[in-house]
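Engineer: Please work out how this folds:
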Amino acid sequence: MSVLDAEPLTFPPLIWGEATRDDAFEHAVMRATLGCDSGLIAHNLQPTRMQAALVVAPDVPLAKAMAMLPLCGVSFQNALGALAPPEVAVHLEWGGGLRVNGASCGSLRAICHSADPTEVPDWLVVGFTLPLLPDGDDPGDTPDRTALFAEGCADVSPPRLLEAWARHTLHWISTWEQEGPRALHADWRGLAHGVGEPFRFGGRDGSFLGVDEDFGLLLRDDETTHLFPLTSLLETPS
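Structural biologist: The predicted structure is shown next:
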């Protein structure tokens, strides 16, 4: 356990945390496989990187449950936006990438025991990895990649960011369950990176038009518009 993970953490009702020395996603998958309740956040907060992974137990087919990936991204932006200076901009890539002030800064992942989009999954793990400090001594060597503390966020406390992410995620899950995906769609579109720009996915090049109702990628090439479901991003345990 790191020094950061030793700090007391306060989570909202229905969510609780477990610090781990290991990969937070692997820990969350292990706990989910053993049958833990929905709401567990495994976390590993190191001086140079933070990682958190939430276990959820959706009651809808995986194709719709994958909305948890953009939902957790919007929640991350809401959490960091509340803690960072107002000039810090956070955007979301369709593929799970996080961008801070235009540069790549960590990513979101989703892992499930099954990749069948029609199946209601027993569990789904969604979370993020966020670099806090640059990998090298000269950030100018990688201008397309950054770290949180290099973007004017040195005063952002990782434990407080984790707590805020948990609160915003719980809020968005409640909104999504009660009102459907419309509000989430609206907020995600306002944060989406690269809409209308050249995009490559699944061996195809085209223009990123946006997403369908289940957040599937709409990619337009010279001939037609291709749909790549959000489940295309899903990982399964090795």
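Engineer: residues making contact with stretch 116-125?
Structural biologist: 25, 28-29, 32-33, 38, 53-63, 65-66, 68, 110-114, 229, 231 (Cβ atoms under 8 Å, 6 or more residues apart in numbering). (Each C-beta comes from the backbone N, C-alpha and C, glycine too.)
Engineer: in the longest helix seen in the chain, what's buried?
Structural biologist: Using DSSP state H, we find that the single longest helix of the chain is helix 158-179. Counting neighbours by 16 or more other Cβ atoms under 10 Å, one finds that the buried residues in helix 158-179 are 158-159, 161-170, 172-173, 175-176.
Engineer: again with stretch 12-31
Structural biologist: Buried residues in stretch 12-31 (16+ other Cβ under 10 Å): 15, 17-20, 24-31.
Engineer: Show me where the protein has its helices.
Structural biologist: 24-33, 62-65, 68-83, 158-179, 182-191.
Engineer: Mind putting those helices into a markdown table with mean pLDDT?
Structural biologist: Shown next, in a markdown table, are these (pLDDT from 0 to 100):
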| stretch | mean pLDDT |
| --- | --- |
| helix 24-33 | 98 |
| helix 62-65 | 97 |
| helix 68-83 | 98 |
| helix 158-179 | 97 |
| helix 182-191 | 97 |
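Engineer: any chance of the ones you listed in CSV, plus distance to Asp144?
Structural biologist: Converted to CSV, those look like this (distance: least, Cβ to Cβ, whole Å):
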stretch, distance to Asp144
helix 24-33, 24
helix 62-65, 32
helix 68-83, 19
helix 158-179, 23
helix 182-191, 19
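Engineer: mind listing what's buried in stretch 46-57?
Structural biologist: So, applying 16+ other Cβ under 10 Å, buried residues of stretch 46-57: 49-57.
Engineer: so where's this protein uncertain?
Structural biologist: Residue ranges of the chain with pLDDT under 70: 1-7, 136-141.
Engineer: Longest strand in it, please.
Structural biologist: strand 103-112 (DSSP state E).
Engineer: what bridges to Met50?
Structural biologist: Leu45, Leu130 (DSSP bridges).
Engineer: Cool, thanks, talk later.
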